[in-house]
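[1] Quick one, structure for this:
(chains A and B)
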Amino acid sequence: MKSTIELRDVTKNFGQFTAVRDVDLFVDAGEVVCLLGPSGCGKTTTLRMIAGLETPSAGDILFGKSRVNNLTPEQRNVAMVFQFYALYPALSVEENLTFPLFAEHLSKSKRQARVADVAEILQLTDILNRKPSEIAEGEKQRVAVARAIIREPNCFLFDEPLSRLDVELRESMRGQIKEVLQGLSKPTVIVTHDQLEALTMADRITIMRDGLIEQIGTPHEVFTKPVNIFVASFIGTPQMNLLGVELIRCNGNDAEVVLDGNPLKFGVEAIASELSPGEITLGIRPRAFSLQSESGKDAISVTSEIIEPMGAETLVHARTISETEIRVVVPREKKVTSGETLHLRPDPGQTLVFNKHGKAAW
Amino acid sequence: MRWVAAKNRAKEVDRAGWGRTIAAAVVSLIYFFPVLVIIITAFKKHTDALAVPAKLIPDAFDWLVPDYLTFSPTTENFVNVFSRSFSTGAAAQDTGFDLFFFNSIFIAGFSVLLALVIGTIAAFGFSRYPLKGNDTYLFVILTTRMLPAIVVIIPVMLMFRVTGLAGTYTGIILLYTAFNLPFTIWMMKSFFDELSRDVEDAARIDGSSDRRVFFKICMPQVVAGLAATAVFGLILTWNEFLFALLLTGVETRTVPVAMSQTIGGDIGVRWGLLAAIETLFLIPVILVTFFLQNQLLRGVTFGTVKR
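    This is a model prediction of the structure:
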């Protein structure tokens, strides 16, 4: 049987509070899905429901074709890596790794062979005899992953697996986990609030807010085609610029708007022409501007305020005449000084239009 | 460079310096003085024990201090604890103290263990499977320790009379267990509360039953707590006098009660004998505390440092 995870209309209430509302999600075998969202959005609760640590208030959870709502965690045969690793403090690394094998009644030699295998993959061979309190943070992380992959579970669940590591270690672990996961033909769900983690590790990203799924899509989709203002501003660093403008008319691929009393023309996707004139929001990524030498008809004039060199590029915080903040990334070679006036022309292909309810018009 | 490291380490040990070390020693001596006097008295003859000013120095040190401050040590008091003549000229008799020591060890040990077993399981329940009004139950459990013992002794005696438990091992062990339980439950609950739930969830996901989670994952983490709780309970039970006096019989008498009954007789209070009993009485508690002290230190400081 192919292992898959399916959530149908899953809702979880804690008393009056609804943590997760009507979540539908399908994770295919071998697929990695990230649940991404700000803290308190219900992503961890969703993961815990899949693990069996929480019972859904409504809806069904299916592994393959069978409903698992009423199964306890030990009956579901899932593997989970916790945010704080949750290694067994009183047991050595080796005992930590053998612990999940207890239920499988393996012979001692087979158990040892399995431990040796995963210890090899995750470079733990030298620390098998140590206690969790005696190993480094990165090693704890690897032990947690090793403990998860030592069995052959129905699925893999990761709860903020990298949040406790420093930046360098995080990068190398991201690669290692991705490599390990690619070798497994099981569905994987990763919970994270770090969009970089989601964008790099996931096949598909599920963006949640207040217990609701806002968008499900590939990393590319959620970045280039966010369904609403929330997703648009949540994905991508530096954050997308959101400009409130007045739409005058929209003709095919040309839109005419008024920003700060200045008429501007934009190229937009054809579907935006269904918008009726009025308040709309433009979404422009900080890297989607081109600098103009002088104020042109379709350029936004801003005054730079704070300059943040980021190495390869420079992030400039600027303001329009009406005090709207605009973040723009310029090449390193372009020297910008504070107080300088810049003329920015939005890249027509990368300008997103949101209607007055914050929904994308594309 | 080795000597530098060694020097630094030496500094590490006595960083507080001589002044503070001596001050600490003086304060410790003041605390320990009563116990020290008892131990010294245990080795004195009756006349030496009554002498004023007190003779505190063994006569091996008479080159150092005046004669009237020294005494010649004897072990006769320790022999007398177990066997002595009760009137002048009579043959030495068994005093029954071997039984009383056994009683003290058996009753205190058994009741502390029983309280530990029941209390730990109860504490785990209160911590992990809270009842409606959990805190109320915990409060009610503690109320039994809120009254002075003397207030509860009459109802307890009546209960023991009716049930026929007075004077039996079962009776006094049950009573002490009941006394130790509130403390054990509160202590152990706080230890269980400190444990990471994620670790237990992980064990469940790894295929463990609740029972296996409890024994394999939770218990090893609270060993220090068990040790601390056991020692505190043991000290309380070991020294308990009032209930032991009223609820134990001849066969089940504990040392504190038997000790009090040696007072009196033809030569008044036999201080040397009393001190010898007390000295022997100290040994088991000191041994237990000594062997558990590493665990104990971890136990009482548990949770005071954020992980």
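[2] from here on, contacts and neighbour counts on C-alpha atoms
    Fine.
[3] I would like the residues contacting the lowest-mean-pLDDT helix or strand in chain A, please.
    Here the helix or strand of chain A ranked lowest by mean pLDDT, DSSP states H and E is strand A:262-267, holding a mean of 76. Residues from elsewhere that reach strand A:262-267, judged by C-alpha atoms under 8 Å, 6 or more residues apart in numbering or on different chains: A:253-258, A:297-299, A:346, A:348-349, A:351.
[4] Quick check on those: which are buried?
    For the contacts of strand A:262-267, a neighbour count by 16 or more other C-alpha atoms under 10 Å in any protein chain shown gives the buried set as A:Asp254, A:Ala255, A:Glu256, A:Val257, A:Asp298, A:Ala299, A:Pro346, A:Pro348, A:Thr351.
[5] related to what we said a few turns ago, the least confident helix or strand of chain A - which strands sit beside it in the sheet, and in what orientation?
    According to DSSP bridges, strand A:262-267 forms sheet pairs with strand A:254-259 (antiparallel).
[6] May I have the strand it pairs with exported as PDB, CA atoms only?
    Extracted in PDB, the C-alpha atoms of strand A:254-259 (Å, rounded to 0.1, in the frame of the first residue of the first chain):
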ATOM      1  CA  ASP A 254      -2.200  48.100 -19.000                       C
ATOM      2  CA  ALA A 255      -3.400  49.600 -15.800                       C
ATOM      3  CA  GLU A 256      -3.500  53.200 -14.900                       C
ATOM      4  CA  VAL A 257      -3.300  54.100 -11.200                       C
ATOM      5  CA  VAL A 258      -2.800  57.200  -9.100                       C
ATOM      6  CA  LEU A 259      -0.100  57.100  -6.500                       C
END
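[7] Average pLDDT for it, rounded please.
    Across strand A:254-259, pLDDT averages out at 80.
[8] got the CA positions of the helix or strand containing B:Val151 in CSV?
    Element membership for B:Val151, per DSSP states H and E: helix B:149-163. Provided in CSV are the C-alpha atoms of helix B:149-163 (Å, rounded to 0.1, in the frame of the first residue of the first chain):
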residue,chain,number,x,y,z
ALA,B,149,0.2,16.2,65.6
ILE,B,150,-1.2,16.6,69.1
VAL,B,151,-4.5,17.8,67.7
VAL,B,152,-5.0,14.7,65.5
ILE,B,153,-3.8,12.2,68.0
ILE,B,154,-7.1,11.6,69.7
PRO,B,155,-9.1,10.8,66.6
VAL,B,156,-6.3,8.7,65.3
MET,B,157,-6.1,6.8,68.6
LEU,B,158,-9.8,6.1,68.4
MET,B,159,-9.5,4.8,64.8
PHE,B,160,-6.7,2.6,65.9
ARG,B,161,-8.6,1.2,68.9
VAL,B,162,-11.7,0.4,66.7
THR,B,163,-9.7,-1.2,64.0
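[9] List the buried residues in that helix.
    So for helix B:149-163, counting by 16+ other C-alpha under 10 Å, buried means B:Val156, B:Met157, B:Phe160.
[10] Between the two ends of stretch A:329-348, what distance do you get?
    The first residue of stretch A:329-348 is 17 Å away from its last residue (C-alpha to C-alpha, to the nearest Å).
[11] Identify the residues contacting that stretch?
    Here stretch A:329-348 makes contact (C-alpha under 8 Å, 6+ apart) with A:266-268, A:284, A:286-296, A:298-307, A:309, A:311-316.
[12] ok, now which ones touch B:Ser85?
    So B:Ser85 contacts B:Ala91, B:Ala92, B:Gln93 (C-alpha under 8 Å, 6+ apart).
[13] Just give me the longest helix of chain B.
    helix B:97-128 (DSSP state H).
[14] quick one: the residue lying closest to A:Phe99 once chain neighbours are set aside from B:Arg212, how far?
    Excluding the flanking residues, the one nearest A:Phe99 by C-alpha to C-alpha, 6 or more residues apart in numbering or on different chains is B:Asp206, at 7.2 Å. Distance, B:Asp206 to B:Arg212, by C-alpha to C-alpha: 11 Å.
[15] Likewise for A:Ala90?
    To B:Arg212, A:Ala90 is 14 Å away according to C-alpha to C-alpha.
[16] ok, now B:Val79?
    Distance of B:Val79 to B:Arg212, computed by C-alpha to C-alpha: 51 Å.
[17] More neighbours: which of those two?
    Ranked by neighbour count (other C-alpha atoms under 10 Å in any protein chain shown), B:Val79 and B:Arg212 place B:Arg212 first, with 15 against 11.
[18] just checking, what packs against the one helix or strand the more buried one maps to?
    Using DSSP H and E, B:Arg212 sits within helix B:210-212. Using 3 or more C-alpha pairs under 8 Å, 6 or more residues apart in numbering or on different chains; DSSP states H and E, no helix or strand is in contact with helix B:210-212.
[19] Let me see the residues that make contact with that helix.
    Here helix B:210-212 makes contact (C-alpha under 8 Å, 6+ apart) with B:Arg204.
[20] And the very next helix or strand once past it, what does it pack against?
    Next in sequence after helix B:210-212, counting helices and strands by DSSP H and E, comes helix B:219-221. The helices and strands touching helix B:219-221, judged by 3+ C-alpha pairs under 8 Å, 6+ apart, number zero.
[21] Which residues belonging to helix B:219-221 are considered buried?
    Buried residues in helix B:219-221, counted by 16+ other C-alpha under 10 Å: B:Met219, B:Gln221.
[22] Over to stretch B:274-282?
    By neighbour count with 16+ other C-alpha under 10 Å, stretch B:274-282 contains the buried residues B:Leu274, B:Ala275, B:Ala276, B:Ile277, B:Glu278, B:Thr279, B:Phe281.
[23] What of stretch B:108-117?
    Residues of stretch B:108-117 classed as buried under the neighbour-count rule (16+ other C-alpha under 10 Å) are B:Ala108, B:Gly109, B:Phe110, B:Ser111, B:Val112, B:Leu113, B:Leu114, B:Ala115, B:Leu116.
[24] Now render those as TSV, adding distance to chain A and pLDDT.
    Below are the buried residues of stretch B:108-117 laid out as TSV (distance: C-alpha to the nearest C-alpha, whole Å; pLDDT from 0 to 100):
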residue	distance to chain A	pLDDT
B:Ala108	30	95
B:Gly109	27	94
B:Phe110	27	96
B:Ser111	28	96
B:Val112	25	95
B:Leu113	23	96
B:Leu114	25	97
B:Ala115	24	96
B:Leu116	20	96
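[25] How about the residue of the stretch 51-200 of chain B found nearest chain A, nearest residue that isn't a chain neighbour?
    Chain A sits closest to B:Val199 of the stretch 51-200 of chain B, with a gap of 4.3 Å, by C-alpha to the nearest C-alpha. Of all residues not flanking B:Val199 in the chain, A:Ala86 sits nearest, at 4.3 Å (C-alpha to C-alpha, 6+ apart).
[26] now swap in A:Leu122 and tell me
    That would be A:Arg142: by C-alpha to C-alpha, 6+ apart, it lies 6.1 Å from A:Leu122.
[27] Also A:Leu247?
    Excluding the flanking residues, the one nearest A:Leu247 by C-alpha to C-alpha, 6+ apart is A:Val257, at 4.4 Å.
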